[in-house]
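In: below are the sequence and a predicted model; questions follow.
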Amino acid sequence: MTSPSSKALDPAASLPVEASATAAHPPSHKPDPTLASNASQRSLTVASSPQLAGQMKELENLKIKLKQALRQFPDFPSPGILFEDILPIFADPSLHESLIRALELHVSQSQEKPDVVVGLEARGFLFGPSLALRLGAGFVPVRKQGKLPGPCETAGYQKEYGEDFFQMQSDGVKPGQKVLIVDDIIATGGSAAAAGSLVKKLGGSLLGYVFIMELDFLHGRDKLNAPVYTLLSSQEKL
Ligand SMILES: O=P(O)(O)OC[C@H]1O[C@H](OP(=O)(O)OP(=O)(O)O)[C@H](O)[C@@H]1O
Ligand SMILES: Nc1ncnc2[nH]cnc12
């Protein structure tokens, strides 16, 4: 029989989904800080016009819809990690559209418009290009080492479950371009900080970071030297 820990190390063994995922993302015990009806992000989103108030309401409803689609997998990809699975959002066109609209609303309300959206391999590639298109910005990838042709800049980093190297093509961002970095999740912040350092090495002006979700008990945002926005509230430490 497969032991729980060896099962957790084998991605194929986590199927079927119903057997190992929690049925849905469990409700948090704390008020959701990403909703404007709760306090912490309210300063960013105080409505100053009926149009803005309507957009804030729309954003709030989209967040509630998206949160319900998330799933968690305990002990993946290694024992002790509670893995947040965002893929159901992309399996449903209505949720997918809701995600892009929510991010578009956020960026248009509270950030300067970027020239370039930089997405991190691999899950930042799922929505970075669509968001860039909506914003009228370019899309540039940060990839794991050895995947990009031509001259590249490289940065090593540690993440919640391992270590790796990121690369960007040396001409990916032009000096002075305004850059927004996007990824699905910020955990320890190691991946995002490495991406930020690459953008700065290329001379980009980093406007900030946008994530779908943050594991806030890991305090990853403390590693980042630019504004951080998280669409959905995070898991709590088990
Ligand atoms: O904040 P951190 O501790 O750095 O962790 C967050 C990173 O970890 C995951 O990527 P992963 O490297 O697992 O790659 P994938 O997207 O290719 O699955 C996630 O998509 C983030 O990029
Ligand atoms: N707990 C987690 N779930 C999903 N992706 C992650 N990347 C780093 N930590 C993660």
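Out: Structure's in. What do you need? Bear in mind the structure is a predicted one, so any value in this text is a computation, not a measurement. Ligands and ions are numbered 1, 2, ... in the order given.

In: what residues does this structure have near ligand 1?
Out: For the chain, the contact set with ligand 1 under C-beta under 6 Å from any ligand atom comprises 120-123, 159-160, 183-192, 220. Backbone N, C-alpha and C define where each C-beta goes, glycine included.

In: just the buried members of the residues you listed?
Out: Buried residues within the residues of the chain next to ligand 1, counting neighbours by 16 or more other C-beta atoms under 10 Å: 120-121, 123, 159-160, 183-192, 220.

In: near ligand 2, from those residues?
Out: 159-160, 185, 187.

In: what pLDDT does Asp216 get?
Out: Model confidence at Asp216, given as pLDDT, is 88.

In: let me fix that, I meant to ask about Ser110.
Out: For Ser110, pLDDT reads 76.

In: poorly predicted segments of this protein, please.
Out: Scanning the chain for pLDDT under 70 picks out 1-47, 234-238.

In: tell me where it has strands.
Out: When assigned using DSSP state E, the strands of the chain occupy the ranges 71-74, 82-85, 116-120, 138-144, 152-159, 162-169, 178-186, 205-214, 228-232.

In: what's the closest of the buried ones among the residues of the chain next to ligand 1 to Asn61?
Out: Closest approach to Asn61 among those (C-beta to C-beta): Asp184, at 21.1 Å.

In: give the closest residue to the closest one in space, chain neighbours not counted.
Out: Arg123 (3.9 Å; C-beta to C-beta, 6 or more residues apart in numbering).

In: so that neighbour sits right up against Ile186, yeah?
Out: No. Under the criterion of C-beta atoms under 8 Å, Arg123 is not in contact with Ile186, lying 11.6 Å apart.

In: shared neighbours of those two, which are they?
Out: Listed as contacting both Arg123 and Ile186 by C-beta atoms under 8 Å, 6 or more residues apart in numbering is no residue at all.

In: check contacts around Lys144.
Out: Neighbouring residues of Lys144 by C-beta under 8 Å, 6+ apart: 121, 164-167.

In: most surrounded residue in these?
Out: Taking other C-beta atoms under 10 Å as the neighbour criterion, Phe166 ranks highest of the contacts of Lys144 with 24 neighbours.

In: tell me how far the residue nearest to Asp184 lies from Leu202.
Out: Plainly put, Arg123 is 22 Å away from Leu202 if you go by C-beta to C-beta, to the nearest Å.

In: what residues does the protein have near ligand 2?
Out: With the criterion set to C-beta under 6 Å from any ligand atom, the chain comes near ligand 2 through 81-84, 159-160, 185, 187, 215.

In: hmm, 5 Å instead?
Out: 83-84, 160, 185, 187 (C-beta under 5 Å from any ligand atom).

In: quick one: Lys201 and Thr154, what's the gap?
Out: Distance, Lys201 to Thr154, by C-beta to C-beta: 9 Å.

In: nearest to Leu52, out of the strands of the chain?
Out: Each of the strands of the chain was scored for nearness to Leu52 using C-beta to C-beta, and the closest is strand 228-232 (16.5 Å).
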